[in-house]
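Novice: this one's structure only:
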């Protein structure tokens, strides 16, 4: 059986799907991973067949259009939709259709808006996924990235925002259905992102119930599997300079903001360096946000180009980052106190969850980031013994989960019970 995985976004979005693809491959499935062209070597380097999606998220976020999207200003966002976002989405839809040809099942990231439409056209099983619990309404918490405070019984109503986000693309999708899929513009089978033929698609969420409990009002179509972890650190060899720095003193803190690009990198860098000095800690600084040159690095600070988080984070005293789901998982799995300094989207939500569990200080939004606030949080993260113990206990729980294995078992169940008319039946692999 051939399964095509459609994954879109940053490294943090794509990496869990590489882990899932490898798990499916080990279970005996024929798997191919479609992802942005930025990640071709990353995907093929893990021995996975690759299909291109020409949707460069990094280029978008670094552009004026991307800065408008990050600002959260709806007027600026709409000004740039037609010039940048629409063409990217159209290419993504076309490439997704090309990628799934010959497939027996589809697993898709929600940023691929047409996953259910592809399943309708090919009459094959479709499985929705997410790193964030945004696809399933609940009263337990508001729509992640939409509202950042608990509204109690009104939480469920905030999920209507998902339809508002996708509505601007409805006309494009209708045209595309006719031109590419040969289907009527309006579908009688697809409703929203996750309904096909009157049924809710199976949904896999690749985060841990230990970080966020499963709401009691979700039905059996929703599966919280645990994090999909890609083990890269086992064979990675650090550069001699990094190894020497780690061995030269107390464990440092990690500070990095992933793919997020600060509006003023120089100011962000000055804030971080001042906070490190005030807190009296050593630090490993990821160079991703810019604004820092090797000549500027003070004593006790190491400027890092790249390193697998699963190798690096266990060697840290604490981790500070933007709050992407993947980086949050890596820090917590390492059992380290985690401080999240969120920019946008789901990042404030994960920051609040970490703090609520006592595994890190209260998050500091990027717009409120100051040297004094960051220094105080660094002191707490590195010297509060109770916080360190809670972080380690949570890490032990997360390390005990088999998120990929759980996801593979659900996918196997889904494709086995799919009607013959919706799947080219072949002998099913075993999952061990």
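Specialist: Cool, got the structure. All figures in this text were calculated on a predicted structure; none of them were measured in a lab.

Novice: you'd agree residue 31 is in a strand?
Specialist: Yes - assigned with DSSP: H, G, I helix; E, B strand; the rest coil, residue 31 falls within a strand.

Novice: quick one, phi/psi of residue 200?
Specialist: In terms of degrees, to the nearest 10, the main-chain angles of residue 200 are phi -70, psi 130.

Novice: My error: substitute residue 285 in the last question.
Specialist: Torsion angles, degrees, to the nearest 10, at residue 285: phi -110, psi 120.

Novice: and it, what does it touch?
Specialist: Contacts for residue 285 were tallied using CB atoms under 8 Å, 6 or more residues apart in numbering; they are 255-256, 272, 292, 297, 301-304. Bear in mind the C-beta positions are built from the backbone N, C-alpha and C, glycine included.

Novice: Number of residues surrounding residue 39?
Specialist: The number of residues packed near residue 39 is 23, by other CB atoms under 10 Å.

Novice: Looking at the contacts of residue 285, which are in strands?
Specialist: 255, 301-304 (DSSP state E).

Novice: now, which of these sits nearest residue 374?
Specialist: residue 255 (8.7 Å; CB to CB).

Novice: Please tell me I have it right and the closest one contacts residue 288.
Specialist: No - counting by CB atoms under 8 Å, residue 255 stays clear of residue 288, with 10.5 Å between them.

Novice: of the two, who's got more company?
Specialist: With neighbours defined as other CB under 10 Å, residue 255 and residue 288 compare such that residue 255 has more, 26 against 17.

Novice: For that one, list each beta-bridge partner.
Specialist: Residue 255 has the following beta-bridge partners by DSSP bridges: residue 285, residue 320.

Novice: Please name the residues that touch it.
Specialist: Each residue near residue 255 by CB under 8 Å, 6+ apart is listed here: 272, 276, 283-286, 320-321.

Novice: In those residues, which residue is surrounded by the most others?
Specialist: If you rank the contacts of residue 255 by neighbour count (other CB under 10 Å), residue 320 sits at the top with 29 neighbours.

Novice: which residues of the protein score low on pLDDT?
Specialist: 56-83, 259-263, 289-295, 418-432 (pLDDT under 70).

Novice: what about 90?
Specialist: 9-13, 54-88, 145-149, 161-168, 231-235, 257-269, 287-297, 305-306, 343-345, 416-432 (pLDDT under 90).

Novice: hmm, back to that, a markdown table please, covering the contacts of residue 285 and showing distance to residue 23.
Specialist: Formatted as a markdown table, those follow (distance: CB to CB, whole Å):
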| residue | distance to residue 23 |
| --- | --- |
| 255 | 31 |
| 256 | 27 |
| 272 | 37 |
| 292 | 37 |
| 297 | 39 |
| 301 | 38 |
| 302 | 34 |
| 303 | 34 |
| 304 | 29 |
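
Novice: isn't residue 115 right up against residue 6?
Specialist: Yes - contact criterion CB under 8 Å: residue 115 and residue 6 qualify, at 6.7 Å.

Novice: Common neighbours of those two, please.
Specialist: 96, 106, 108.

Novice: Looking at these, which are in helices?
Specialist: Taking DSSP state H, the ones among the shared contacts of residue 115 and residue 6 that sit in helices are residue 96.

Novice: any idea which of the shared contacts of residue 115 and residue 6 has the most stuff around it?
Specialist: Neighbour tally across the shared contacts of residue 115 and residue 6 (other CB under 10 Å): the maximum, 29 neighbours, falls on residue 108.

Novice: show me where the stretch 1-150 of the chain has strands.
Specialist: Remark: strands assigned in the stretch 1-150 of the chain by DSSP state E, counting those that start in this stretch are 2-6, 30-36, 50-53, 105-108, 126-130.

Novice: Give me the sheet partners of the longest one and which way each runs.
Specialist: What that stands for is strand 30-36. Note on strand 30-36: by DSSP bridges, its sheet partners are strand 2-6 (parallel), strand 50-53 (parallel).

Novice: so who does the closest residue to residue 205 other than its chain neighbours touch?
Specialist: Once flanking residues are discounted, residue 205 sits nearest to residue 224: 4.9 Å by CB to CB, 6 or more residues apart in numbering. By CB under 8 Å, 6+ apart, residue 224 lies in contact with 133, 205, 207-209, 212, 214.

Novice: so of the residues you listed, which ones are in strands?
Specialist: Reading strands off these with DSSP E, I get residue 205.

Novice: From the contacts of residue 255, pick the one nearest residue 179.
Specialist: Among the contacts of residue 255, and counting by CB to CB, the member closest to residue 179 is residue 321, at 41.7 Å.

Novice: pretty sure that closest one contacts residue 254?
Specialist: Yes - assessed by CB under 8 Å, residue 321 is found in contact with residue 254 at 7.4 Å.
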